[in-house]
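predicted coordinates and the sequence they were generated for:
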Amino acid sequence: MANRNIILYTASSLDGYIAKEDGNIEWLENLPNPTNSDYGYHDFYKHIDTTLMGYKTFEFVKSMDASSHYAKTKNYVFTHRKNLAPEQYFTFINNPVPFTKKLKMESGKDIWLVGGGEINSLLLSNGLIDQMIISIIPIVLGTGLRLFPDARSEGALNLIKQVSYPSGIVSLYYDSKSLD
């Protein structure tokens, strides 16, 4: 029986926001990166063959013309909208929790939970996130879209490792299985 890991790989402001209130994430691109680091993304992506995201995140991906970046993975978009036809590289799913439980049992590489906040909260609250890699960006936004706006789960995480970068970004690697 397969047991693929679902890994939340994301960035957050120091005060816990993943985007501004309008969904804007330009603040992520405006930080100095003197070493041109990819912050571990390439190594992470080698172990992924599937992505999960909410509809708002999908709309953002499309607006940034980044859809082709997902050409090499199976990509599922969770939405309440009914009868959406699949789009190039993306399949729409209406029942996220049962679908994700089934997906974890299929064979394959790990699964990247791209986000956003609503789907992060739902999967966390249902014990479906196995690991988290959260890069803390040294900026305070004050308001915006939260990393876990509606999480209904409480528990300690196990810090596996931390990596600091010259830009001030700190990536925190957690095993979240202790939340079960």
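Thanks, I have it. Since we're looking at a predicted model, the values are computed, not measured. Residues are numbered from 1 along each chain as shown.

span of stretch 118-132 from start to end?
Using Cα to Cα, to the nearest Å, the span of stretch 118-132 from its first residue to its last is 16 Å.

check which residues of that stretch are buried.
Using 16 or more other Cβ atoms under 10 Å as the test for burial, stretch 118-132 gives 118-125, 128-132. The way it works is simple: take the backbone N, C-alpha and C, and place the C-beta from them, glycine included.

chain center to it, what's the gap?
The chain centre lies 10 Å from the centre of stretch 118-132; the measure is Cα atoms, centre = their mean, to the nearest Å.

ok, stretch 32-50 next?
Taking Cα atoms, centre = their mean, one finds stretch 32-50 lying 14 Å from the centre of the chain it belongs to.

show residues contacting that stretch.
By Cβ atoms under 8 Å, 6 or more residues apart in numbering, the list of residues contacting stretch 32-50 from outside reads 4, 7, 9, 73-76, 103, 108-112, 133, 135, 163, 165-167, 169, 171.

what about the protein, any weak spots by pLDDT?
Applying pLDDT under 70 to the chain flags residues 1-2, 177-180.

that one: helices as residue ranges?
Assigned by DSSP state H, the chain shows helices spanning 26-29, 41-45, 55-63, 96-105, 117-125.

make a markdown table from those helices and add distance to Y17 to it.
Below are these laid out as a markdown table (distance: least, Cβ to Cβ, whole Å):
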| stretch | distance to Y17 |
| --- | --- |
| helix 26-29 | 9 |
| helix 41-45 | 20 |
| helix 55-63 | 14 |
| helix 96-105 | 22 |
| helix 117-125 | 9 |
